[in-house]
Every structure is written in C-alpha cells, then in structure tokens.
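Enquirer: Quick check, what structure comes out for this input:
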Amino acid sequence: MMRIGATSVAATAVTVAMGLTGAASADVLATSWIGPDTGNWNVAGNWSLLTVPTNGADQYLVTIDTRSGANVLIDFTPTIDALTIGAGDAATLQNGRSLTFPVGPLTIDGTLELGSTGSFTNLVVSSDVLFTGAGVLQTSGSLNDRLYSNSNTRITIDAPLTFEGAATIGLNQTRLTNLGLMRATLPAGINLDLIGTDNVNAGIIESDGGTFSINSSTIDNTGGIIRALNGSTTQISSSTITSGEWTTDGDPASVVRVTNSTADDLLVTGLVVAPNGSSITILDAITVDDVLRLESTGSFTQLIGGGGDILLTGTGLITGTDHANNRIYSAANNRVTIDADLVVTGAFRLGLNQTRLTNLGILEASLPAGLTLDLVGSDNVNDSILRANGGTLSVDGTALDNTNGRIEATNGSEVTFSSSEIIGGELTTDALPGSLLRQTAANTFDSVLVTGPLVLNNGTSLNVDHQITIEDDVHLDSSGAFTQIVTSSVAVDTLLTGSGAITTSSHLNNRLYSANNGRITVDADLSIDGSMQIGVNQTRLTNLGLIDATLAPGITIDLVGADNFNSSTMRANGGDLRLTGTTIDNTGGILRAMAGSEVQYSSSDITGGILDDDDDVASVHRLVGGSTMDAVLVDTRLLLNNGVTLNVTDTLTIDGSVEVASTGAFTQIVATGDAALDGTGTITLNHGNARIYSGSGGLITFGPDLTVRGGGKIGVNQTQIRNEGTIIADLAAALTIDLVGAGLDNLGVMHVTGDGALDVLPSTFTNSGDIIIDETRKLDRSSGDVTQTAGQTVVDGEFEIDAGALRIQGGYLRGDGLVDGTVSIEGGTVAPGSSAGSLDVDGTFTQTVAGRYEVELGGLVAGDEHDTITVTGAAAVSGALDISALGAFVPQIGDEFVILTAASVTGRYGCVDGTLRSGFYTVVYDDTTITLVVASTPAKVGDFDGDGIVGPADLAFLLGAWGDCTNECCPADLGGDGSVGPADLAALLSNWG
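Expert: I've put the predicted structure just below:
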C-alpha cells in the first residue's frame, strides 16, 4: 500500500486534508476488489490496497468491478464513503451485519443484497446519500433487512436503480427521494417509514409478490407511481401522498390499500381500497380513472375532505361495500365536488351534515345499505344524477340546487327525502315495480319536475315554493296524522302544474294548503284525486285542472279571501266534495257529483259556472250550511238540508232541481236583493218552513221555464214576485205567498193540484198568465184583489177571495169550480168549464161593458151540456155575450138555456153574438136568471130585457145609456151611430107595447 501525503500523488489513493491548518488530516482512499469470485470483505488481501476497507483514520471509496461476476460477502460491519458495484458483480451484506455510508454515493450496476436470516441487517446512511446505477439493491426476504438513515438524512434512489425484495426502510428517521423502482417482491414485503414532509417518489413504488407498506410517511409523488401487481397489495397507512398515480395491473387481487392516510392531487388508475375502519383524507383533489373502494364491514370507513374544498374527478368509480358506515364528507363544512364522468356507487353516508356538495357525475345507491346524503349549507348543487339502483338513496337534512340535475329511483329501489330542500331539476323513476320516490319527513321543493311516483309518508309535509311540475303521481299517504303539501310564499303564488296527479289515501288528514294565505294554482291537465283537505282556511285557490274526490271520506275545500277561482272541474266521484267557508268564482267551471257521491256546501259563496252530475240518481249537490250562489247554473239535484239558507245574489239558473228539504227548521232560498231564478228545472218546497224570499223587499223573478212546486212559503212578507214560470202547489202543506209592494205578478202558471193548497196573502196580485185550480183544490186569497190582465184563471176547485175581488180585465175565467168571493169581468172573458161547464160564484158577479161571456151549448142540461154561472149574490151584466154550439148540437126553436142564476140580476148584455141554422137567440132577463131562448122571430127593437114587450123598463135602460157609447157593445144604440140619443128613443117608442 502506498500512502500519499499532502504533496504526493499515486494512482491507487487520494488524500484529502481535513480541518484547519495545523490539524490532523484524513485520507480518502480508493480501493477495488481483487479477490476471488466469491470472497469475504474482511480479508485484506481481497482488496487492491491490501487493507480491509472501513473508515477510520482513512475514508474509503470502494469498487467491486471484476468483469467476472464476483460476489463479495460483507462479513462484518464496515463504514465506507462510497461503493461501486459493477455490472455482473454482486455484494451480499450478511445476516446481522451493517454497511454504513457517511458520504456516498452507492452505485450499483450489479447487485447488492441484504442477507438477513433473522438478525437486523442494515444498510445505513449518516448523511444525504445517493443510491444510483442500473443494477439491483435486493434483500433476502426478511423484514430485518433494513435501509435507513441514522441521522434523519436523505436516501436518494436514482433511476434506473431497482430496490426489491423484503425490507424495512426508514425506521421513521429517514428522508427518501425515489427516482428508480422500489419493489416488494418477497412475501415479507417492504415497510417504508419515513420522517419529514419532503420525501419524494418520482419513480415507482410497487408490490409484486409481497406487500409494500408505506407507513407514517409524507411523500410528494409528483411524477411517481405507487402500484400493485400480480395479486399483491400496496399498503399505505397513516401517510400523506401528494400527486402522482396509484395503480394496479388489472389483476382482481392486485390492490392499493390505504389506511388512515392523506392524498392530494392523485390519479387512481387501478383498484384502491380503504379497508374497514380506515380513512382517506383528500386535501385538494383525487382523480379516479378506475376504482376507489371503501370497504366498511361495520366501522367508519371514509373519504374525507381535509380542510378545504376538494374535487373528486375522473372517469372511474368510487364504490362502497354494503354498509352505511362507508362515509364521504368534508371535515370542516367545505365543498366536495364530484366531477363529470365520475361515478360514486355502493353504500355510503355522504356529508355527515358538515359538507357542501357539487355533483357533476353520478351518485348511486347500488347496495341494500343504501346511500345517505346529509349536507350542510344552502349552496349544494346537483347538475347530474343522484340515483337509487339496488339500494335506497336517502336525501336527509340537505338543501340542494337540482336545477340541471336528476334524482332517480331505478330497478325497484327508493329515493327518500327527509328535512331537505330541493330546488329545480327532475325527480323520476324508471317505471319498474318498486321504483319509488318517498318523503319520510318534511321537505321543501321549489320548481321541481316530478316524473315518477312520489309518496308522502304519513305525518310528513312537503313545502312547495313557486312551482312543482307533476307528470306522474304525488301520493299523500296519511293513515291518521297530517300528511300535506304546504305552500309558504306570501308574495309569490305557487303553481301546481303538469299532466300527472296528486293522489291520496282514504283519509281527511291529507292536506293541501298555503301556510300564509297565499295562492295555489292547480294548472290545466293536473288532477288532484282521493281524499284530503284543500285550503285549511288559509289559502287562495285557482283551479284550472281537475279536483276529484274519488275516495271516502272525500275532499274538503276551505279557502280564504274572495278571489278564489275554478274555471275547470271539481267533482265528487266516489267520495264527497265539500266546500266549507269558501268564496269561489266558478265562472267557466263545473262542480260535479258522480258515482252516487255528493258535492256539499257550507258557509260558501259560489259565483258563476255549472253544478251538474252524471245522471246517477244518488249523485247530488247538498247545502249542509248556509251558502250563497250567484249566476250559477244548477244542472243537477241540489238539496237544501233542514235549517240551511241558500242566498241568491242576482241570478240562479236551475235546469235540474233544487229541493228545499225542511223537516221543521226554516230552510230557504233567500235573495239578497232583486234576483232571477231561471232555467228549465224545478224548485221543490216540502214543508211549511221551506221558504223562498228576498231579505230586503226585492223582486224575485221566476223564469219562463222554471217550476216552483210543493208546499211552503214564498215571500215572508218582504218580497215581490214576478212569475214567468210555473208555480205548483201540490203538497198537503199549503204553499203560502206572502208579499209586499208590487206583490205577485204572474205571467206564467200558478197551479193548485195534487194534495196542494195555495194561500196568497195581502199584497198586489196581478195575473197575465195562467191560474189553474184543480178539482178539490183551493187557492185562498186572504185579502185584496186579484187582477187579471191577460191569460186565464181556471177554477175547477175553489178560489177564495176575501176582502177583494177577482177582476178579469183580460184573458179568461174558466172552470167548473167555485170562486168564493167577488168576480168582476171587466175586459176579459168568462167561459165556464173546459167545454160545457158550471162556474159557481159565492159572492157577487159583475160583467162590465168591456167584459165578455162565452157560452157553449151542447144540450139542455145546465153545467153538463151547456155553460152556466151560478152566483149566490147579485149579478150585474153588460158587455158581450158570445154563443157557440158544441160539436154537432143544433139548438131548436123553443129551446131554453139558463146561462146565469143569481140572487138578483141587473143589466143587459150589449152585444149578443151567435148564429143558428133557423131561429134567433133571444136573451131573457128576469130577477134571478138570464135565459137564452131560441125564438122563431127576432126580438122587437127596444125590447132590451127580452120579455117580448117594449115598456117602461126598456125605456129606463135606454135613458140610462144616453150619450156616447163607451164600448163596442152598446145595446141602447139602436141606430148604430156610436151614441144613444133622440133617434134611438124614437125607434124605441115606435115599437112601444
């Protein structure tokens, strides 16, 4: 050996002065292996310097490069500055030995093996040392092969160097930069345990036959790969890995397993697993292009956003085993973004009420344990798909802007909503059996489109803001507790739209209402079916769709305000429809009773529209409490329950029937002022306390095709009636008309028939229509005249007139009955019977000059074969007498017909019209009768009383008529010049005697 001082140079050694001037110096010596192909390090003769290289007084740079494949057995524990192993050569650090590098580098172009068989066998650095070369640093298969720094310094494994086998690296006192390949190829695997935050992997760390465990290490993996091959596992525990790639080779058993570690900006291109009870914390982002799986079997197994917003991106899958303790959340109320093309599928809890979410990918509950979404804040967004597909997707305590997203239930699974707010977007199903959207606690939906079945569980509330579009079925499933759709916006109306339906269970505690007196609009094409309460006395309603009470106990509508509208259909159809305390403009709308059901009204106000039914006799409308109708068409059977009032504001058109069904209490139709009751239908009064009247002395007009019938009261002494229709008194309970002011003006028909009686109390009573009193029936006019200007009065029963007269100023008085009172034929016609008949007058009878008596002759029997009038009081006649024969009857000369009998008879008919085949009609007047005689010669001129003598009585009659005639029938005008004067007197006197 040659030692070279400070002034000497030799090819085999280099001396480096150490320390300050005057201090001792150490030489750095280069030595090479010259020993056999296999030999021990600790043999001096095996080295070119003939000294065993180990640092002491000198420092060694060692080279093993024989070109012949030497294997140097390191059989003690040397420390050297540097080691170079040439290609084809090898060195083996034997069991229990250590090789320490204070400087480095370690260059391996061949092989360096750590050969522990049980004892610690260590490759140690005491400063930052570079491991380089194109060879292999390998181990024998024991974890007691160790590579580490004894002073927290750095080992750099340079490319293309390979470290492989089984070993312990780091011992938590080493920094590492890996640019090469580190492989766990033996079953004992590799444990990597580093110190510091500045470790780097820009090469490859992999398991390939053994587990590669990264423990408690922080590694910048930028440009690096951590992978598992050939069914092996790479285990990352309590570590932080930044950037780079985690991958596997596609072997189903190859896995990167991560336990309680942190990842940042990583790319996953293989199978990465978080085992039961472990956590992966993401600092910024992770890109999953293959599978990241959380494998809880009961313990919390989680993907955590650590400290800031994180991005989950890629084209792969984040999956969870079938356990709800798989969790994805942010630790500090920050945002998790699931990027487009990424699928999160399996069983999870996502959010834990401390996470904000933006979903651009697919979130899928694909396993029975399901996926629970529980977010914080109001700025969560779903712009893609949330899906139940094999498990339940539970949206719990979450506010979510779903404007561009879809929440869907598929393959017989459910999406459940609890204490959440969903804004916009679509809620849907795939229409397979069991695929369902379900509300399990109160939620809020705003501008949501529902295209699949949605069930609201018993006792839950769905708050709807602005709008909900229903294209399928929203089902309220109350079994006793309030189950409801509630709108809460005061300033903005809420629109329920779509072509679907809101349906319910058979319970009235299903409810639809506004919490703040706001408006709900049910749009065209939407139907509300089942049994429910609508309004709850705090809602305004516009119905453009169908409200259909299809289930018992029906639908109750209880609205607030005067501005509610129905321009479509509300109907009872298997269940009753009840309008309670509701004011509704029904113009253009229909309220309909079907399938034997009822529409009921209580304390409600209906304006316009139609009330109708399906022609089922059991399908009715019923007032169960006082209500008001105006401009309504009743094309159905409307029943007024005992004790209720139907107020009519202006017009009620009845094409069906209205039954005022009192059983003792006042039950009534009341006009609030002038009103018209019109239509082609019928109003039936069934009791003395069934009433029609105006509450303010107004005029009620019965339309021309309307029938009012039964027994009860019309008027109640505060009404005027204009009857253009038909009033029929046909019940044993009398029909009483008790009016004021203009009283009763009959232009239509008043008919007393059946078991009926008609009482008309004092007030004006005029008739220009028909008054018909059937046989055995009675019309009692208790006080005041009955004035007829047209039409007819047909008395086949009794017409009693107290303290007044029947004044026939136009039209006809007919019949075979009794007028119990004064009769005055003042311009109309009396014509007993319907053919030949007898009319009785229990009172006085007057026929004025404008009156007319039509007598029909069909035989000689008075009342049966020819007309007659029987008067119990005085009769005074004038005017016209018209005579006609019935059928084939021909009066003969000498026939006599008593046409009037009275207590006394005065006056003469001014005109007698009648023709005979032979003979002449002569009217014979005596004190109590008027007889029509068929004579062979005409009566003498001036014989006004028909007694065959012109005498004083006839003279008195002429003088009494002296002057201009006031009527066309003027019998004393013998000259026919329109006045009674001297010429007429002269004619009478010329026939005296």
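Enquirer: per-residue confidence at Asn382?
Expert: Here, the pLDDT recorded for Asn382 equals 98.
Enquirer: repeat for Pro938
Expert: On pLDDT, Pro938 comes in at 71.
Enquirer: Same question for the one 4 residues further on.
Expert: Among the per-residue scores, Gly942 shows a pLDDT of 85.
Enquirer: which SS state does it fall under?
Expert: coil (DSSP: H, G, I helix; E, B strand; the rest coil).
Enquirer: Number the chain from 36, please
Expert: With the count now opening at 36, the last piece we talked about shows up as Gly977.
Enquirer: List the contacts of the helix or strand containing Ala1021.
Expert: Using DSSP states H and E, the element containing Ala1021 is helix 1017-1025. Residues outside helix 1017-1025 that contact it (CB atoms under 8 Å, 6 or more residues apart in numbering): Val976, Gly977, Val985, Asp989, Leu990, Leu993, Leu994, Ala1007, Asp1008, Leu1009, Gly1010, Asp1012. To be clear about C-beta, it is placed using only N, CA and C from the backbone, and glycine gets the same treatment.
Enquirer: Narrow those residues to those that are buried.
Expert: Gly977, Val985, Asp989, Leu990, Leu993, Ala1007, Asp1008, Leu1009 (16 or more other CB atoms under 10 Å).
Enquirer: Format those residues as JSON lines; extra columns: distance to Arg422 and secondary structure.
Expert: Formatted as JSON lines, these follow (distance: CB to CB, whole Å; DSSP: H, G, I helix; E, B strand; the rest coil):
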{"residue": "Gly977", "distance to Arg422": "118", "secondary structure": "coil"}
{"residue": "Val985", "distance to Arg422": "120", "secondary structure": "coil"}
{"residue": "Asp989", "distance to Arg422": "117", "secondary structure": "helix"}
{"residue": "Leu990", "distance to Arg422": "120", "secondary structure": "helix"}
{"residue": "Leu993", "distance to Arg422": "115", "secondary structure": "helix"}
{"residue": "Ala1007", "distance to Arg422": "111", "secondary structure": "coil"}
{"residue": "Asp1008", "distance to Arg422": "109", "secondary structure": "coil"}
{"residue": "Leu1009", "distance to Arg422": "114", "secondary structure": "coil"}
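Enquirer: mind listing what the closest residue to Glu889 other than its chain neighbours touches?
Expert: Among residues not flanking Glu889 along the chain, Ala866 sits closest, at 4.0 Å (CB to CB, 6 or more residues apart in numbering). For Ala866, the contact set (CB under 8 Å, 6+ apart) comprises Tyr847, Leu848, Arg849, Tyr888, Glu889, Glu891, Asp902.
Enquirer: among these, who's most crowded?
Expert: Neighbour counts for those (other CB atoms under 10 Å) peak at Asp902, which has 30 neighbours.
Enquirer: Does that residue touch Glu891 like I think?
Expert: Yes - counting by CB atoms under 8 Å, Asp902 touches Glu891, with 5.2 Å between them.
Enquirer: what do these two both touch?
Expert: In contact with both Asp902 and Glu891: Ala866, Gly868, Ala871, using CB under 8 Å, 6+ apart.
Enquirer: What ranges does the chain have for its helices?
Expert: Applying DSSP state H to the chain gives helices spanning 987-995, 1017-1025.
Enquirer: Would you reformat these as CSV and include mean pLDDT?
Expert: What follows is the helices of the chain, written out as CSV (pLDDT from 0 to 100):
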stretch, mean pLDDT
helix 987-995, 89
helix 1017-1025, 91
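Enquirer: Switch those helices over to a markdown table; also include distance to Thr522.
Expert: As requested, those are exported to a markdown table (distance: least, CB to CB, whole Å):
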| stretch | distance to Thr522 |
| --- | --- |
| helix 987-995 | 88 |
| helix 1017-1025 | 93 |
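Enquirer: returning to that earlier point: output the contacts of Ala866 in JSON lines; the columns should cover pLDDT and distance to Val655.
Expert: Formatted as JSON lines, those follow (pLDDT from 0 to 100; distance: CB to CB, whole Å):
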{"residue": "Tyr847", "pLDDT": "97", "distance to Val655": "41"}
{"residue": "Leu848", "pLDDT": "97", "distance to Val655": "42"}
{"residue": "Arg849", "pLDDT": "97", "distance to Val655": "39"}
{"residue": "Tyr888", "pLDDT": "97", "distance to Val655": "51"}
{"residue": "Glu889", "pLDDT": "97", "distance to Val655": "48"}
{"residue": "Glu891", "pLDDT": "96", "distance to Val655": "48"}
{"residue": "Asp902", "pLDDT": "97", "distance to Val655": "48"}
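Enquirer: any idea how far Thr591 is from Gly341?
Expert: Thr591 sits 55 Å away from Gly341, going by CB to CB, to the nearest Å.
Enquirer: who has more neighbours, the two?
Expert: Shown here are Thr591 and Gly341; by other CB under 10 Å, Thr591 has more neighbours (23 against 19).
Enquirer: ok, so what distance separates the more buried one from Ala117?
Expert: Thr591 is 96 Å from Ala117, by CB to CB.
Enquirer: what about the longest strand in this structure?
Expert: Using DSSP state E, we find that the single longest strand of the chain is strand 717-729.
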